[in-house]
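# Coordinates for the following, if possible.
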Amino acid sequence: MAKMGKYGIVVGVTAVATALVAWLLVTIVERKQEGRQYPLRLTEIAVDEPDPAKWAESFPRQADGLRMTKQNLGRTKYGGSENYQKLDANPNLKRLWAGYPFSIDYREERGHGWAFVDVTETKRLGDQKPGTCFTCKSARNPSLLREMGVAEFYKTPMRDLVTRIRSEGKELAIGCADCHDGKTMALRISRPAFVEAMKARGIDVTQATRQEMRSYVCGQCHVEYYFAGEGKYLTFPWANGLKLDEIEKYFDDMEFKDWVHAETKAPMLKVQHPEFELWSTGIHARSNVACADCHMPYTREGGVKISDHWVRSPLFNISQACQQCHRWSDKELRERVITIQDRTAYLLRKSEAAILDAIDAIKQAMAAGATDEQLKQARRLHRRAQLRWDFVASENSMGFHSPQEAARWLGESIDFARQAQIAALRLGRMPRRAASSAGRLRQKAGDASSPVHRRSAELVAGIK
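Got it, this is the predicted structure:
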């Protein structure tokens, strides 16, 4: 009986082991088959098909990720996906952008799924804004650009483009057609301005590697740009290169300005969202790490390897976005990122304070009767200081994409702002009356006992 019991146990264990091995073999075969079949298109998709629902029939995993971009993950220390008003969080922005629409409305950007809604609801854009403002906000745009022609699309009022899309039944935000060819599924550039700008730099994007394309599809929208000519033609200022200094020279050579500052009357430049430019100067770009490697990292579902289409901050997905290369804990990696961002934020606040002091000094000189010719240098320095501050402030990584370059820009911003302040104050050499006026202006801008304003007082006292 004892032997029969032992035999029974052996038979049972053998049966279980056999079943497990069989299950494992079947699973392996299924996964291999799944991998061989992928990508499996169940329906034909047009080259510029704007509706993600039609892509979802063949690519449900990617579609699920895309839908997740509408999820509110809340605020992080320096960003997040909550649509809060940044002007309330930092009132200094209203003066820095005085006279420009960003001083009226400037909100934290949300995920790609909100692009259509957010651009149509912002108070920055009036009825007369051109279609150029809408270029990157809808998956319908690649087909519209083809149907209408690029120049016609740009000069068409944005409201007309929006009305046309809504009349078709869906408010289509950023989707599959923005980055993929519906026929081949290959990554593609669907916005002509990127192709034109790269050509101006001597780069043929049709020869790009797949890894390069995993950044280029992001770089066609996450960039600095301006509207050229009466037709508001979308143009990237890259003819001299991607670095801030090269972009500044491009604008200076053509004597371009976005607006005139309401307080100082300086001809100003407004930076958009130069993620591609800042990333291009950083260690990740130099190491051939693409935007998608961190914001859309590869993941495995069953036998299929895909890019995670829930595009979001790597801080929400450290294990996939960071730990594939960096073998440290979540806590350690998060702290490294926050340390970089804290230092950048500190320099940003210093830069803002210096620019505000320069604005006050220029206003004082204007009140004292300084001429436009006399103020030319101070205004030029104001423009240079604020351009550098804005490149970091409007870029969506709080310096992380290239910490040393961001710090360099902000160091120069502080330097140029203080030079602007000194140049304006020297115009006076006058009046105790002017000095007391400057004191009153600084009182209005903040606490006169603060370190920033003490520094202003020292500068004034040092001018003989």
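# Next up, the contacts around the closest residue to residue 106 other than its chain neighbours.
Leaving aside its sequence neighbours, residue 106 sits nearest to residue 86 (C-beta to C-beta, 6 or more residues apart in numbering; 4.7 Å). For every residue, glycine as well, the C-beta is placed using N, CA and C. Residues near residue 86 by C-beta atoms under 8 Å, 6 or more residues apart in numbering: 93, 106, 107, 108.
# what do you get for residue 113?
Here residue 113 is in contact with 66, 67, 69, 70, 173, 174 (C-beta under 8 Å, 6+ apart).
# Quickly note the distance from the first one to residue 179.
Look at residue 66 and residue 179: by C-beta to C-beta, to the nearest Å, they are 10 Å apart.
# Point out the ones among the contacts of residue 113 that are inside helices.
Counting by DSSP state H, the contacts of residue 113 place 66, 67 in helices.
# mind putting the contacts of residue 113 in CSV, pLDDT and neighbour count included?
CSV is the format used below for the contacts of residue 113 (pLDDT from 0 to 100; neighbours: other C-beta atoms under 10 Å):
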residue, pLDDT, neighbour count
66, 96, 24
67, 96, 15
69, 96, 19
70, 95, 14
173, 96, 24
174, 96, 23
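# and the contacts of residue 113, which two are the farthest apart?
67 and 174 (12.0 Å; C-beta to C-beta).
# thinking again about what came up before, let me know the closest of the contacts of residue 86 to residue 76.
So of those, ranked by how close each gets to residue 76 (C-beta to C-beta), first place is residue 108, at 9.8 Å.
# For the closest residue to the closest one other than its chain neighbours, give me its contacts.
Using C-beta to C-beta, 6+ apart and skipping residues adjacent in sequence, the residue nearest residue 108 is residue 84, 5.2 Å away. Residues counted as contacts of residue 84 (C-beta under 8 Å, 6+ apart) are 75, 107, 108.
# Report the contact partners of the residue nearest to the first one when sequence neighbours are not counted.
What sits nearest to residue 75 in space, not counting adjacent residues and going by C-beta to C-beta, 6+ apart, is residue 82, at 4.7 Å. By C-beta under 8 Å, 6+ apart, the contact list for residue 82 reads 72, 74, 75, 108, 110.
# Any quick PyMOL command for the buried ones out of the contacts of residue 84?
Buried members of the contacts of residue 84, defined by 16 or more other C-beta atoms under 10 Å, are picked up in PyMOL with:
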select buried, resi 107+108
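# Take the contacts of residue 84 and lay them out in a markdown table including distance to residue 393.
Listed next are these as a markdown table, based on distance: C-beta to C-beta, whole Å:
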| residue | distance to residue 393 |
| --- | --- |
| 75 | 17 |
| 107 | 14 |
| 108 | 13 |
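# where does the protein dip in pLDDT?
1-39, 41, 428-464 (pLDDT under 70).
# Could you pick out the longest helix of the chain?
Counting by DSSP H, the longest helix found in the chain is helix 330-367.
# Which parts of the stretch 1-150 of the chain are strands?
All strands of the stretch 1-150 of the chain, identified by DSSP state E, counting those that start in this stretch, fall at 75-76, 79-80.
# Paired strands for the last one, with orientation please.
When you say that, I think you mean strand 79-80. Paired neighbours of strand 79-80 in the sheet (DSSP bridges): strand 75-76 (antiparallel).
# chain center to the partner strand, what's the gap?
Offset of strand 75-76 from its chain centre (C-alpha atoms, centre = their mean, to the nearest Å): 16 Å.
# And stretch 78-92, by the same measure?
Taking mean C-alpha positions (C-alpha atoms, centre = their mean), stretch 78-92 and its chain are 15 Å apart.
# again with stretch 320-328
23 Å.
# what residues does it touch?
289, 293, 294, 295, 297, 298, 299, 308, 314, 330, 333, 336.
# ok, so of those residues, who is nearest residue 98?
For these, the minimum distance to residue 98 (C-beta to C-beta) is 33.7 Å, reached by residue 295.
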